[in-house]
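Q: sequence unavailable; structure follows:
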């Protein structure tokens with residue numbers, strides 16, 4: 001299967017600015033979400049996403065078609081976010097407390113409301129507490145394990161896509177994910193992140 005973004009990126013490399021707008025439109029939502037999950041803030045994610053696209057625009061002539069354009073963009077975004085985290089020495093990687101309703105496919109307003117006395121109120125409160133525990137545990141993971149965990153479990157990327165994104169082998173992806181899941185399991189919260 002050919003990469004539908006490749007001809008667009010090649011036009012951008014030849015100076016077609018309008019084609020770059022097409023790439024931004026296609027990939028901005030997923031890249032923003034990835035940056036938000038990694039940096040933990042919508043404001044930081046917006047700024048980082050702009051910087052990622054600027055880096056991509058400046059570097060489009062160096063793109064090698066051995067990977068998909070989307071994988072290349074993910075790699076730029078992950079590296080950019082990791083560098084920001086290192087520079088700022090952030091303890092927080094992502095806010096799973098804010099992610100909990102989204103992970104269940106519910107709108108953000110589905111958060112637990114103390115005035116809610118319905119039959120699901122206690123379950124939502126328990127879920128919210130569980131997400132807070134997961135967040136604390138993920139915050140303690142080394143950056144290399146956190147990045148693999150987020151890409152695999154929250155973004156749904158395959159080992160191959162993660163390998164290409166991070167520039168590591170598929171074996172290293174699997175190893176880092178296994179180590180991350182073991183650490184979470186040791187804290188008895190693995191089920192809050194998901195299996196697969």
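A: Good, I have the coordinates. Remember, it's a predicted structure, so these values are computed and weren't measured experimentally. Residues are numbered from 1 along each chain as shown.

Q: now the element after the lowest-mean-pLDDT helix or strand in the chain, going C-ward?
A: Ranked by mean pLDDT, DSSP states H and E, the helix or strand of the chain with the weakest confidence is helix 96-103, at a mean of 44. Next helix or strand after helix 96-103 toward the C-terminus (DSSP states H and E): helix 121-139.

Q: now that following helix: buried residues?
A: By neighbour count with 16 or more other C-beta atoms under 10 Å, helix 121-139 contains the buried residues 124, 127, 130-131, 133-135, 137-139. The C-beta positions use only the backbone N, C-alpha and C, and glycine is treated the same way.

Q: ditto for stretch 144-162
A: 144-155, 157, 159, 161-162.

Q: show me the residues you listed that map onto helices.
A: Mapping those onto helices (DSSP state H) picks out 144-149, 159, 161-162.

Q: out of those residues, the closest to residue 55 would be?
A: Proximity of those to residue 55, judged by C-beta to C-beta, is greatest for residue 147, which lies at 17.5 Å.

Q: and the gap between the closest residue to the closest one other than its chain neighbours and residue 177?
A: Leaving aside its sequence neighbours, residue 147 sits nearest to residue 78 (C-beta to C-beta, 6 or more residues apart in numbering; 5.9 Å). Separation of residue 78 from residue 177 (C-beta to C-beta, to the nearest Å): 15 Å.

Q: export the ones in helices among the buried residues of stretch 144-162 to CSV and tack on distance to residue 47 and pLDDT?
A: Conversion of those to CSV gives the following (distance: C-beta to C-beta, whole Å; pLDDT from 0 to 100):
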residue, distance to residue 47, pLDDT
144, 24, 87
145, 25, 89
146, 20, 86
147, 19, 87
148, 24, 91
149, 24, 89
159, 30, 93
161, 25, 89
162, 24, 91
